[in-house]
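Chemist: Requesting a structural model of the entry that follows:
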Amino acid sequence: MKKLIIISFVLFAYTSNYAQDPQLINNTWYLQNVIINGNNNFPPSNSEVTNITTNFNETNGFDTSVCDLLDGIVSYGSSQFTFDSWGMTLGGCSLQENTDFQLIYLETFFVSTIDDVFSYSIVDEGNGSKTLTITNSSGDEAIYSSELLSIIDFSKTHISIYPNPVKDELFISKIDDEVSIKIFDITGKLILKRDDVYFNKPIEVEKLNNGIYFILLKDKQGWSVIKKFIKY
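Modeler: Now for the predicted structure:
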């Protein structure tokens, strides 16, 4: 295992065979969720920790923090990076919820797999924001946005439908309240309409012809989103 160096160390520049992804270094990334063993862990927001950011810089530097700071030098591959050296301050948090989250985020997600390769993907959400997903060697994920979003806004933006492609029943994830849905075919014709859809309540689509469809979801507060799915 690489040697842990306390944060007062001097980091040496490293030249990788791959250049940094401009999207990585041109954005400040705001942490929205850490998924460990399939469980969501949303970051705290309080007097001690208002938001959690991750930064990649032009000299291959990396830093992220909760109360303590994880800092390092990384090498880049194709949609991945590895740590060449790293260090972490040891001050700790005053609030228990921050201590608990720091253990999940810094220790479990990063430090426990820091010798291994981290992969990443960046998705343009089409509304001016981007989503960065970093995946460690255990398959856990840290999800960031290029914009500072509330957890509610983030959850709604990243709502998902599954399975996709679908044969008989379509489900909607990550909704806390009833939504209405409209399904349109690829020509824009309204095919199906329902007003009482909840999380894990199936939408029956077995009678639809095979093809591409769009589903419009709208809640009682007026928020709406459109998702595409394939019926087979």
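
Chemist: for the protein, which residue is closest to the average position?
Modeler: In the chain, the residue lying closest to the centroid (C-alpha atoms, centre = their mean) is residue 143, at 2.0 Å.

Chemist: In this structure, which residue sits furthest out from the middle?
Modeler: Max radial position in the chain (C-alpha atoms, centre = their mean) goes to residue 207, at 34.2 Å.

Chemist: Could you report the separation of that one from residue 115?
Modeler: Per C-beta to C-beta, to the nearest Å, residue 207 is found 52 Å from residue 115. In this view, the C-beta of every residue, glycine as well, is placed from N, C-alpha and C.

Chemist: all helices of the chain, in order?
Modeler: Along the chain, the stretches classed as helices by DSSP state H are 22-25, 96-102, 151-157.

Chemist: what comes up buried for the first one?
Modeler: Just to be clear, that refers to helix 22-25. residue 24 (16 or more other C-beta atoms under 10 Å).

Chemist: Give me the packing partners of it, helices and strands only.
Modeler: Counting contacts by 3 or more C-beta pairs under 8 Å, 6 or more residues apart in numbering; DSSP states H and E, helix 22-25 is packed against strand 118-124.

Chemist: re the thing from before, where among the helices of the chain is average confidence lowest?
Modeler: Note on the helices of the chain: helix 151-157 shows the lowest mean pLDDT, a mean of 60.

Chemist: still on that earlier bit, what's the pLDDT at the residue nearest to the centre of the chain?
Modeler: pLDDT, residue 143: 91.

Chemist: Distance of the residue nearest to it when sequence neighbours are not counted relative to residue 187?
Modeler: Nearest residue to residue 143 in three dimensions, chain neighbours excluded: residue 33, at 4.6 Å (C-beta to C-beta, 6 or more residues apart in numbering). Distance, residue 33 to residue 187, by C-beta to C-beta: 36 Å.
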